[in-house]
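Participant: quick check, what structure comes out for this input:
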Amino acid sequence: MPAVSKGDGMRGLAVFISDIRNCKSKEAEIKRINKELANIRSKFKGDKALDGYSKKKYVCKLLFIFLLGHDIDFGHMEAVNLLSSNRYTEKQIGYLFISVLVNSNSELIRLINNAIKNDLASRNPTFMGLALHCIANVGSREMAEAFAGEIPKILVAGDTMDSVKQSAALCLLRLYRTSPDFVPMGDWTSRVVHLLNDQHLGVVTAATSLITTLAQKNPEEFKTSVSLAVSRLSRIVTSASTDLQDYTYYFVPAPWLSVKLLRLLQCYPPPEDAAVRGRLTECLETILNKAQEPPKSKKVQHSNAKNAVLFEAISLIIHHDSEPNLLVRACNQLGQFLQHRETNLRYLALESMCTLASSEFSHEAVKTHIETVINALKTERDVSVRQRAVDLLYAMCDRSNAQQIVAEMLNYLETADYSIREEIVLKVAILAEKYAVDYTWYVDTILNLIRIAGDYVSEEVWYRVIQIVINRDDVQGYAAKTVFEALQAPACHENLVKVGGYILGEFGNLIAGDPRSSPLIQFNLLHSKFHLCSVPTRALLLSTYIKFVNLFPEIKTTIQDVLRSDSQLKNADVELQQRAVEYLRLSTIASTDILATVLEEMPPFPERESSILAKLKKKKGPGTVTDLEEIKKERNSDVNGGAECTPVNASTVALPDSPPQGSLAELVTGPRPRPSRLNSSRLAIHNLQTGVPCLFKGFFTSESTPSPSADLLGLGAAPLTSSAPPPSSTGSLLVDVFSDSASVVAPLAPGSEDNFARFVCKNNGVLFENQLLQIGLKSEFRQNLGRMFIFYGNKTSTQFLNFTPTLICSDELQSSLNLQTKPVDPTVDGGAQVQQVVNIECISDFMEAPILNIQFRYGGTFQNISVKLPITLNKFFQPTEMASQDFFQRWKQLSNPQQEMQNIFKAKHPMDTEITKAKIIGFGSALLEEVDPNPANFVGAGIIHTKTTQIGCLLRLEPNLQAQMYRLTLRTSKETVSQRLCELLSEQF
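Facilitator: Below you'll find the model as predicted:
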């Protein structure tokens, strides 16, 4: 920067600022300002031309007055005139005034643009810097239109000075963020990538910020930046703090640049080049190693810089989700932060571990910290940290720890902050349903939830309880007994009354044999709560009373007296009055058979996606592409009573067997039989809740007009339909040239085979990603049935139109694999995601995989993408535990040459014992310990389940560390199964 001459001190400005500060009142300040404005206006209008120094001084005063909050309506032209000065200080003040006071609609914008162009063309680095700063500060569309084509040329020019390159990169970044349509992609994009190799770290830092933003929208254009970013990161990470003295911050070399490079790498999948990938792994390992070293300084700036790089490195490890060693090490490192005295570190550690819990490689490592997280939930002062602890407990939950985590969440709920209670309630309800093996525990948990936080229990929660109780015969008696006991408390939450009224109305006969819960006692207990409830709950209780008339004829008179009372027949609420009148009339004139038919027990509800999970996602915010990471948070779990979609062929997916329970006689003295019924009609669920104008229309007509309240439980299942366009029913001589449905299926997208192989031993993750679309998967399998959730994320800000995903199977595959899909919305908004459910049934063993073809229009351009869907034979593996003697006996039985398949191959990945074990378990078989005489070998066993047969499978993997080779032997009772499993598993090592 040029030296400021002695005359540039602007004494007049200093005197004016001093006068303003010495003013004793607001009036005195305004008077002094008005006097100065009058003086400046007279100077500008005077006949005598002002020199540059005077213009600069008066423009500075106007700027100061503006910053004090006063309007300035003159002086703009004088500021523009300063731009043409050859003195740095005058030009600087002119640009400063314009950046602050001139808006994009000003008439002077053309003059300003001309002055900026002259400075950019001057090749004077000081003037070019001022001009670039002004463009970035104003950042208007007019500026972008005028200079977006010029700035890239300055940035990549060979003779541009480093300071100007920095300013140009940041200026272009500003224009791209405000007006991306004016920044053209061209030849300069390939040249700007090479700035990552620049010797000046300031240029590299600015260029990395620019490339990261550009790569998020145009990943293919900047794909070459990955190797350069890894190279630069490697040089920084391995350097000593003295090597980069100008850019070392408290003994941490170039922390800002390191963070930016790590963020740039998160725009791309793991590098395909083995050398680049290895070098990146070394960098990440070095960062993790440095985190374990004792601090070189006790100052907080040192730890902040060091931890910033560490957390960004962990984010990259999580993003790649491909290195088990790094994932586990990252988890252990974060575990050390969970008890750190710094609150921010505890928060960040919990947040990162939530994402780590989604990885199949690190989930078990995360679970080891469960006691620490529970302790944080109990003792942490900061509510935001406690909320992250709740999120982490939710993410790490599986069948092995579900009851412990749910119990801790319920304990915390009693003292939780009101702002997060509803979210905790939803999570407890989801976990209790998802991991319930014993459904009596599920019922107890939900009732306890209502007792503790009834005001925060949404309708979706208690609707779901009712659905599950109705769908499971083995829990109905226990549910009736439990709610009956819960209702005896002096103060019951209204949601508990709703659940109790519904369940006793359906299954009260199962506990009526016990004198302590006789029909009259049940009725009196419910009716004692009637006057305390709201109108919708009273309406539900009236429906329960008419159900009691059918279940317990002996209390019919008592119920009719209640329905006949003035408080019911003359109720001010028309809904309650109508129910009372119609229910009384029904109980009076209908025969026993008609009553039994109209008021029969609810049939099982068709299974569909849990509305509780949908509500939790909605509470977290609208669906965005980033929500695709949420795929990983829902770990693979057994198909539960709360199935998430309509199962294959409308038959319920096999539910987990509940443990044997005592007969119902142990709970009550004896269940009462239900009255006989004539046919299988359903009491409309909306009549139990809020009602329709005419009760009998809902009871006796086979078809009725749906009402908005007709599916309050959110249980009405839509029929399964194919998402492919329907074929035309008639031939046509005309060709629709605008139709997308007739397009040829595209070949497999690049990298599809590699992504397919990654999913052989895992069920969740990102299957495909380009600059427009991201496809994520979450799947679960049990015996010969499976269910897959496909998430399509629109990464752009423009709608996808005619969005049509289609599953394509060969004729041979169709006979072996039954796939049914739900349709998706043909329009996908910018930044949003849609979900598609695929129900899978394995009929017989198969070799191929189905193809997922996605066709849509983006900005008028037809897009056609095909990827292999990772539905492989090993997904239908059920692990089988075997003793050593049994294993080798069965091994000898499968000794025919047709039953064995063996492959000797070179190791493609590091031969790590723990990773090998994780992959064999992920493949689906049980890992048998201490079976093989050689402890270095791996032995597994399992059964492939198909609809037609079950195929026993034994495998043996023998590693040779010296030769870096494996020998894999598979024996099954069917040759094609041995061949296919051997092919799939060999690719994993």
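
Participant: what kind of secondary structure is the residue nearest to F64 when sequence neighbours are not counted in?
Facilitator: Nearest residue to F64, sequence neighbours excluded (CB to CB, 6 or more residues apart in numbering): I17, at 6.6 Å. C-betas here are computed from N, CA, C, even on glycine. What DSSP: H, G, I helix; E, B strand; the rest coil gives for I17 is helix.

Participant: please parse the chain into its domains.
Facilitator: 10-76, 321-396, 400-472, 488-603, 752-871, 874-987 (the TED database).

Participant: pLDDT at the closest residue to F938 other than its chain neighbours, what is it?
Facilitator: Counting by CB to CB, 6+ apart, the nearest residue to F938 once its immediate chain neighbours are dropped is L957, at 4.2 Å. Looking at L957, its pLDDT reads 90.

Participant: so what does Q863 look like in phi/psi?
Facilitator: The phi/psi pair for Q863 (degrees, to the nearest 10) reads phi -110, psi 140.

Participant: how about S352, phi and psi?
Facilitator: Per-residue torsions, S352: phi -70, psi -40 (degrees, to the nearest 10).

Participant: quick check: it touching S315?
Facilitator: Yes - counting by CB atoms under 8 Å, S315 is a contact partner of S352 at 7.2 Å.

Participant: those two - which one has more neighbours?
Facilitator: Between S352 and S315, counted using other CB atoms under 10 Å, the more crowded position is S352 (23 against 18).

Participant: now do the contacts for the more buried one.
Facilitator: Neighbour list for S352: 311, 314-315, 318, 330, 334 [criterion: CB atoms under 8 Å, 6 or more residues apart in numbering].

Participant: relative to C331, how far out is it?
Facilitator: 9 Å (CB to CB, to the nearest Å).

Participant: return the residues in contact with L264.
Facilitator: 208, 211-212, 215, 225, 229.

Participant: that one sits in which helix or strand?
Facilitator: helix 255-265 (DSSP states H and E).

Participant: now that helix, how far from the chain's geometric center?
Facilitator: For helix 255-265, the gap between its own C-alpha mean and the chain's C-alpha mean amounts to 24 Å (CA atoms, centre = their mean, to the nearest Å).

Participant: after it, which helix or strand is next?
Facilitator: helix 274-292.

Participant: run the chain-centre distance for that next one.
Facilitator: For helix 274-292, the distance from its own C-alpha centre to the chain's C-alpha centre is 27 Å (CA atoms, centre = their mean).

Participant: tell me how far the next helix or strand after it lies from the chain's centre.
Facilitator: Sequence order places helix 300-320 as the next helix or strand after helix 274-292, per DSSP H and E. In terms of CA atoms, centre = their mean, the centre of helix 300-320 is found 22 Å from the chain centre.

Participant: other SSEs contacting helix 300-320?
Facilitator: Contact partners of helix 300-320 among helices and strands, from 3 or more CB pairs under 8 Å, 6 or more residues apart in numbering; DSSP states H and E: strand 252-253, helix 255-265, helix 274-292, helix 324-337, helix 343-356.

Participant: closest to V237 out of these?
Facilitator: For the helices and strands packed on helix 300-320, proximity to V237 was assessed by CB to CB; helix 274-292 is nearest, at 4.9 Å.

Participant: same for that closest one, what does it pack against?
Facilitator: Using 3+ CB pairs under 8 Å, 6+ apart, helix 274-292 sits against helix 225-237, helix 300-320, helix 324-337.

Participant: got JSON lines for those, with mean pLDDT too?
Facilitator: Shown next, in JSON lines, are these (pLDDT from 0 to 100):
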{"stretch": "helix 225-237", "mean pLDDT": "91"}
{"stretch": "helix 300-320", "mean pLDDT": "91"}
{"stretch": "helix 324-337", "mean pLDDT": "89"}
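
Participant: turn these into a markdown table, including distance to Q387.
Facilitator: Shown next, in a markdown table, are the helices and strands packed on helix 274-292 (distance: least, CB to CB, whole Å):
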| stretch | distance to Q387 |
| --- | --- |
| helix 225-237 | 33 |
| helix 300-320 | 19 |
| helix 324-337 | 17 |
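
Participant: before we move on, back to that, okay, angle between the helix holding L264 and helix 274-292 too, please.
Facilitator: Relative orientation of helix 255-265 versus helix 274-292 (axes from the mean of the first three to the mean of the last three CA atoms, to 10 degrees): 140 degrees.

Participant: report the mean confidence score over helix 255-265.
Facilitator: 93.

Participant: likewise for stretch 187-206?
Facilitator: Taken as a whole, stretch 187-206 has an average pLDDT of 88.

Participant: buried residues in that stretch?
Facilitator: 188-189, 192-193, 195-196, 198, 200-206 (16 or more other CB atoms under 10 Å).

Participant: which of these lies closest to T558?
Facilitator: Distance to T558 across the buried residues of stretch 187-206 (CB to CB) is lowest for T205, with 82.1 Å.

Participant: which residues touch the helix or strand where the residue nearest to F938 lies?
Facilitator: If you go by DSSP H and E, L957 is part of strand 950-960. Strand 950-960 is contacted from outside by 845, 877, 880, 887, 890-891, 894, 907, 911, 916, 920, 925, 932, 934, 936-944, 965-974, 977-978, 981, 985, 989, using CB under 8 Å, 6+ apart.
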